[in-house]
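prediction below, plus the sequence it came from.
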Amino acid sequence: MEKFGSAQAKRPATGQPVIIIVSGPPASGKTNLALKIAEHFTLPYFNKDSIKEILFDKLGWSDIAWSRKLNLASMEILYQIAGAQLVAKCNHILECNFKPEFDTSRFLDLQKQYDCKYIQIQCIADGVVLLERFRQRAQAGIRHPGHVDHEIESYLEPLLLRGRQGNLEIGGSLLEVDTTDFSKINYQALFDFISSQLAIA
């Protein structure tokens, strides 16, 4: 598989840096998808949960209220990282279950400050499949216990059954990737889409 040149991927010819945003509901496969994009294009990759888990390890974890506090802190750190990358005009990847009602304005602010462009990848899936994935993940204890997944299922159930997080109205390009069946994801089509958008950034 031919890779998009790493130097070209990292440094936009026009001077407009690009953020590849990977979003979607919990258990939709965002992290796996973002990692594959990062590997293919050799781009820096940052995600909210990794930051949050560092905070859990350093500050401890307890309940939903504490998890939400660290979630807010993690998001602030994620946006600070994005700003630092944009100052250097570096293309990079951000992965999180970005919420339109909270994050649209943050991305518009970044765009205004740094004249950046966005490639938005939204993971969508069948809601019943998502809910079952989330339950299995919580029962298996795969994630850091600080996320208290076993306590937030009822809160997240409506979102999971909807099967999508909601698109960010921030301009740029948008691609929805159906992750209901991971084996059916067309990664080459995904890479080709991103390559085409990076080429015109």
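Nice, thanks for sending it over.

ranges for the helices of this structure?
Along the chain, the stretches classed as helices by DSSP state H are 6-10, 30-41, 48-59, 64-87, 100-114, 127-140, 149-162, 187-199.

the fifth one versus helix 64-87: what angle between them?
It stands for helix 100-114. Using axes from the mean of the first three to the mean of the last three Cα atoms, to 10 degrees, the inter-axis angle of helix 100-114 relative to helix 64-87 is 20 degrees.

chain center to helix 100-114, what's the gap?
15 Å (Cα atoms, centre = their mean, to the nearest Å).

the second one now?
For helix 30-41, the distance from its own C-alpha centre to the chain's C-alpha centre is 10 Å (Cα atoms, centre = their mean).

mind listing what's buried along that helix?
Residues K30, T31, L33, A34, K36, I37, A38, H40, F41 are the ones in helix 30-41 that count as buried (16 or more other Cβ atoms under 10 Å). Any C-beta I mention is one placed from the backbone N, CA and C, and that applies to glycine too.

that one - contacts with which helices or strands?
Where contact means 3 or more Cβ pairs under 8 Å, 6 or more residues apart in numbering; DSSP states H and E, helix 30-41 is packed against strand 18-23, strand 45-47, strand 92-95, strand 117-124, helix 187-199.

show me what the second one is in contact with.
Pointing back at strand 45-47 there. 30-31, 34-35, 37-38, 78, 81-82, 92-96 (Cβ atoms under 8 Å, 6 or more residues apart in numbering).

one more time with 10 Å, if that's ok
Where contact means Cβ atoms under 10 Å, 6 or more residues apart in numbering, the residues beyond strand 45-47 that reach it are 19-20, 22, 30-31, 34-35, 37-39, 53, 74, 77-78, 81-82, 85, 92-96.
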